[in-house]
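# coordinates only, sequence not included:
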Ligand code: PEP
Ligand code: MN
């Protein structure tokens, strides 16, 4: 349920309503708009009798939130959420490009890729240190050594860094190095992990599960928000369908659907959603045309030697072309690509 306060309702009345709701055993979420304050009533599924709040001075309307996600819902927070990543904004007019190798393999590979993606216009470096692999015999990642290399790449390039945590125990370690914690598709409903990542206080990028509906995905986001972490970025990465010619099927629909249902920023990972580098640029452009707030792209200096996901990784030159194509699409829809703040200050 949400309580919409009258335009310009004074803080004293807002506090009174909040106190009343909390006295009834519910949690509140106050969203201060430019004109009106909206108070979300968060609790279990028990129906709340709106009569308990009306008439209260200052209350304009009481509306039910019929969706199971509340904090993630646009009803509760009508404007787009802007997620601050240490000075870089995700969810605003500027499209944020995150790029790098699927897995951190060694120092040279990571640094070479980091410099290349920075030159082309990425502002965030991706790279997995803990890799969720289908086979236990596949490369599992460099673990803490990988995180150290990521920190070195950040220091050298000034790029922000994003990397995955696969378990609640890994969150603490990953949080020491990362600017954004990535939660993978296979972990989307790992509820203890969601809670731990949420409690880390760092921005979290939540990938959509391979078989998850949009509503299940938003419910997973609700876990992060419900522990008080407002910095949640959603990432569509393709879903499993009957189509075998691509690794997954890009659910472009999900972008406008999520934008309508939720205030959270949504980005696309065209590398996993297609599984083949040949299709990555086209789908990246489509996502930006559809309203995505950013991209997460796999880039490798020598994809044929990659220890994971080589088939969907772009060579740096191809990534540079992707950025230029995406830039044109962004301009066509009235947006821009986020420029790194250091462009004029530090060499590439
Ligand atoms: C990845 O980003 O490398 C990854 C494992 O992605 P996903 O969780 O979407 O499969
Ligand atoms: Mn990958």
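Arrived safely, thanks for sending. Everything numeric here is computed off the predicted structure, so don't read it as measured data. Numbering: from 1, shown residues only. Ligands and ions are numbered 1, 2, ... in the order given.
# Find the closest residue to ligand 1 in the protein.
Of the chain, the residue with the smallest distance to ligand 1, taken as C-beta to the nearest ligand atom, is residue 184 at 3.0 Å. In this view, the C-beta of every residue, glycine as well, is placed from N, C-alpha and C.
# Surely that residue is in contact with residue 206?
No. Using C-beta atoms under 8 Å, residue 184 is not in contact with residue 206, being 9.3 Å away.
# Compare these two (neighbour count), which wins?
Set residue 184 next to residue 206 and count neighbours by other C-beta atoms under 10 Å: residue 206 wins out with 27 against 23.
# Help me confirm that the more buried one comes into contact with residue 219.
No. With contact defined as C-beta under 8 Å, residue 206 does not count as touching residue 219 (10.8 Å).
# residue contacts, residue 168?
Residue 168 sits next to 192-193, 195-196 when contact means C-beta atoms under 8 Å, 6 or more residues apart in numbering.
# any low-confidence regions in the stretch 51-200 of the chain?
53-55 (pLDDT under 70).
# do that again at 50, thanks
Scanning the stretch 51-200 of the chain for pLDDT under 50 picks out nothing.
# Enumerate the residues of it near ligand 1.
Residues of the stretch 51-200 of the chain found near ligand 1 (C-beta under 6 Å from any ligand atom) are 102, 128, 132, 184-186.
# What does the pLDDT read for the closest residue to ligand 2 within the stretch 201-348 of the chain?
In the stretch 201-348 of the chain, the residue that lies nearest ligand 2 is residue 309 (3.8 Å; C-beta to the ion). Note on residue 309: pLDDT of 98.
# number of nearby residues for it?
21.
# now it, nearest residue through space, not along the chain?
Closest residue to residue 309 apart from its sequence neighbours, by C-beta to C-beta, 6 or more residues apart in numbering: residue 102 at 3.8 Å.
# Could you find the closest non-adjacent residue to residue 224?
Here the residue nearest residue 224, using C-beta to C-beta, 6+ apart, is residue 198, at 4.0 Å.
# Return the residues in contact with the residue nearest to the spatial centre of the chain.
For the chain, the residue lying nearest the average C-alpha position, counting by C-alpha atoms, centre = their mean, turns out to be residue 233 (2.1 Å). Residue 233 is in contact with 83, 90-91, 180, 203-206, 264-267, 293-294, counting by C-beta under 8 Å, 6+ apart.
# May I see those residues arranged in JSON lines, with secondary structure as well?
Output for these, formatted as JSON lines (DSSP: H, G, I helix; E, B strand; the rest coil):
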{"residue": "83", "secondary structure": "strand"}
{"residue": "90", "secondary structure": "strand"}
{"residue": "91", "secondary structure": "coil"}
{"residue": "180", "secondary structure": "strand"}
{"residue": "203", "secondary structure": "coil"}
{"residue": "204", "secondary structure": "strand"}
{"residue": "205", "secondary structure": "strand"}
{"residue": "206", "secondary structure": "strand"}
{"residue": "264", "secondary structure": "coil"}
{"residue": "265", "secondary structure": "coil"}
{"residue": "266", "secondary structure": "strand"}
{"residue": "267", "secondary structure": "strand"}
{"residue": "293", "secondary structure": "coil"}
{"residue": "294", "secondary structure": "strand"}
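# residue boundaries of the helices in the stretch 101-250 of the chain?
107-120, 144-157, 168-177, 191-200, 214-226 (DSSP state H, counting those that start in this stretch).
# Perfect, I'm done here.
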